[in-house]
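Q: coordinates for the following, if possible.
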Amino acid sequence: MNFVAIDVETANADMASICQIGVAKYIDGELVEEWSSLVDPEDYFDFVNIDIHGLTEDDVIGSPTFPEVVNLLGGFLNNSICVSHTHFDRVSVNRALAKYGLPEFDTIWLDSARVARRTWDEFAWSGYGLANVCEKIGYKFKHHDALEDAKASGQVLLAAIDATGLDVESWLNRINQPIDPNNVSSRVAIKRDGNPEGELYGEVLVFTGALEIPRREAADLAASIGCTVASRVTKKTSLLVVGDQDISKLAGVNKSSKHRKAESLIQKGQHIRIIKESDFKELVIVENGYWGKIVPRLQKTYLNKPGFVEIMFQVLGPKGEVEVDKYNPPLKEGGEHYTDYVERVKQLKFEERFEEAIPLLIKLIEETEKEAKDQGEGWGVAPWYYEQLAIIFRKLKQCEKEVEVLERYARQPKAPGSGPKKLAERLVKAREIFNRKRA
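A: Next up is the predicted model:
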């Protein structure tokens, strides 16, 4: 029962914006080592995320960036089975690696949420969040602290091993099987007819392995670009989409039966392309008017539900991130809206091109103030731009200017839910720093 468990917290909806990492190492079922670190995400902190974990930009000042801890992290994860509760931590780590152009870790990921769903009946279809499962197994911890959550994920796996008798290696196979193998309804085949107008009409596609996005959503995406989605590999199959983890980490008999059958048919001369899920998502984005057809459907399904941005980001990947931001259309016909510059500001900050970022942010602040004035009562300024300018001034040790921009925000109308409390608290701290330096 050797494995490591990991949890990360992020600064904002970008899953690469890791601001805290916690790792717990288990040998023979016993916790033998733990490590935790705050991380400077080199990005902004969103009010939503702050409300979850309580970490702010001030907390990570002076902390290492992700590339500065990646070797230490790799010492835990490489050549190990790594446990995380839901796919979020796995995706975040891989997104952070991609952000900095770093190679992925040589690890096999095991989702303890999928383990819990297959161990305890009450969590099969809902309620399998880490806090609920830990309450069930009697494990107490401080939720949304990365190290505490990592250790809790490990405890969930150990409790499941004790409850079922399955060891870690057996769970790697079990999580890819139906939740209830004896319940026919849990094995209902997911099939779709391909869109006749799709560029890939005529292709017969089958999914196998653990996917990042829900299987039904993946089937809808495949059908939208013309693929007929089948449940089994047959002589008609032309495309097999394999979960990224399965295609790169699991070999030999650990491959799914669909994967092995496809390889057998290929050896007999059948033309079947085997591709990773990430390549499939790239294919969906490129083919046949993806945005006009898929984004409205996903928006209608998920927009008002928790995790909308995460779902969109999982489906689209980095290429879709800018498009998700631009789902806030320009308010002025024929001109760019200030929200179109979010990625530009983030890039300038990341490259420390502050001499370009400062005048741009001042202009964007002027635009959000003008919009608030034009829209009238009930409309407020966008706090993000003030916060980013304040962060830059803090990094440059220009305390007086930081105070000025925060006081400017304090004078503006605030929209409901825009979170002025965070910037008010930052203003208090900025004034304290400025006054100490003047004394």
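
Q: and the contacts of the host helix or strand of E367?
A: Counting by DSSP states H and E, the element that carries E367 is helix 354-375. Contact with helix 354-375 is made by 331, 338, 341, 344-345, 348-349, 379-382, 385-386, 388-389, 392, 395-396, 405, 408, 412-413, 415, as judged by Cβ atoms under 8 Å, 6 or more residues apart in numbering. From N, CA and C alone the C-beta is placed, and that goes for glycine too.

Q: if you set the cut-off to 7 Å instead, what comes out?
A: The contact list for helix 354-375 (Cβ atoms under 7 Å, 6 or more residues apart in numbering) reads 331, 338, 341, 345, 348-349, 379-382, 385-386, 388-389, 392, 396, 412-413.

Q: where's G129 relative to N12, distance?
A: Using Cβ to Cβ, to the nearest Å, G129 is found at 21 Å from N12.

Q: more crowded one of the two?
A: N12 (20 against 15; other Cβ atoms under 10 Å).

Q: ok, that one - contacts?
A: So N12 contacts D43, Y44, F45, D46, N49 (Cβ under 7 Å, 6+ apart).

Q: what about burial for those, which qualify?
A: The neighbour-count test (16 or more other Cβ atoms under 10 Å) applied to these identifies D43, Y44, F45, D46, N49 as buried.

Q: want to throw these into a markdown table with secondary structure and pLDDT?
A: Shown next, in a markdown table, are these (DSSP: H, G, I helix; E, B strand; the rest coil; pLDDT from 0 to 100):
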| residue | secondary structure | pLDDT |
| --- | --- | --- |
| D43 | coil | 88 |
| Y44 | coil | 87 |
| F45 | coil | 89 |
| D46 | coil | 82 |
| N49 | helix | 83 |
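
Q: among the residues you listed, which two are most distant?
A: The span of the buried ones among the contacts of N12, defined through Cβ to Cβ, is set by D43 and N49 at 10.6 Å.

Q: now the common contact residues for the two.
A: In terms of Cβ under 7 Å, 6+ apart, D43 and N49 are both contacted by the residues A11, N12.

Q: about what we covered before: against which helices or strands is the next helix or strand after the helix holding E367 packed?
A: Note on helix 354-375: by DSSP H and E, the next helix or strand toward the C-terminus is helix 383-395. If you count contacts as 3 or more Cβ pairs under 7 Å, 6 or more residues apart in numbering; DSSP states H and E, helix 383-395 packs onto helix 342-350, helix 354-375, helix 399-410, helix 420-438.

Q: CA atoms only for the second one, dumped as CSV, please.
A: Meaning helix 354-375. Extracted in CSV, the C-alpha atoms of helix 354-375 (Å, rounded to 0.1, in the frame of the first residue of the first chain):
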residue,chain,number,x,y,z
PHE,A,354,5.5,46.4,-15.8
GLU,A,355,6.4,49.5,-17.8
GLU,A,356,3.8,48.3,-20.4
ALA,A,357,1.3,46.9,-17.9
ILE,A,358,1.0,50.0,-15.8
PRO,A,359,-0.3,52.4,-18.5
LEU,A,360,-2.5,49.7,-19.9
LEU,A,361,-4.1,49.1,-16.6
ILE,A,362,-4.6,52.8,-16.0
LYS,A,363,-6.4,53.0,-19.3
LEU,A,364,-8.6,50.0,-18.5
ILE,A,365,-9.5,51.5,-15.1
GLU,A,366,-10.6,54.6,-16.9
GLU,A,367,-12.7,52.5,-19.2
THR,A,368,-14.4,50.6,-16.4
GLU,A,369,-15.1,53.9,-14.5
LYS,A,370,-16.6,55.4,-17.6
GLU,A,371,-18.8,52.4,-18.2
ALA,A,372,-20.0,52.4,-14.6
LYS,A,373,-20.9,56.1,-15.0
ASP,A,374,-22.7,55.6,-18.3
GLN,A,375,-24.7,52.6,-17.0
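
Q: may I see the buried residues of that helix?
A: Neighbour-count burial for helix 354-375 [16+ other Cβ under 10 Å]: F354, A357, I358, L360, L361, L364, I365, E367, T368, E369, E371, A372.

Q: check the third one too.
A: Using 16+ other Cβ under 10 Å as the burial criterion, the residues of helix 399-410 that qualify are C399, K401, E402, V403, E404, V405, L406, R408, Y409.

Q: contacts only, for the second one.
A: When the contact criterion is Cβ under 7 Å, 6+ apart, the partners of K401 are F393.

Q: need the contact list for K136.
A: K136 makes contact with W120 under the criterion Cβ under 7 Å, 6+ apart.

Q: buried set for the helix or strand containing it?
A: Assigned by DSSP H and E, K136 belongs to helix 130-137. For helix 130-137, burial by neighbour count (16+ other Cβ under 10 Å) applies to L130, V133, C134, K136, I137.

Q: after that helix, which helix or strand is next?
A: For helix 130-137, the following helix or strand on the C-terminal side (DSSP H and E) is helix 146-164.

Q: that following helix - what's its average pLDDT?
A: Helix 146-164 carries an average pLDDT of 97.
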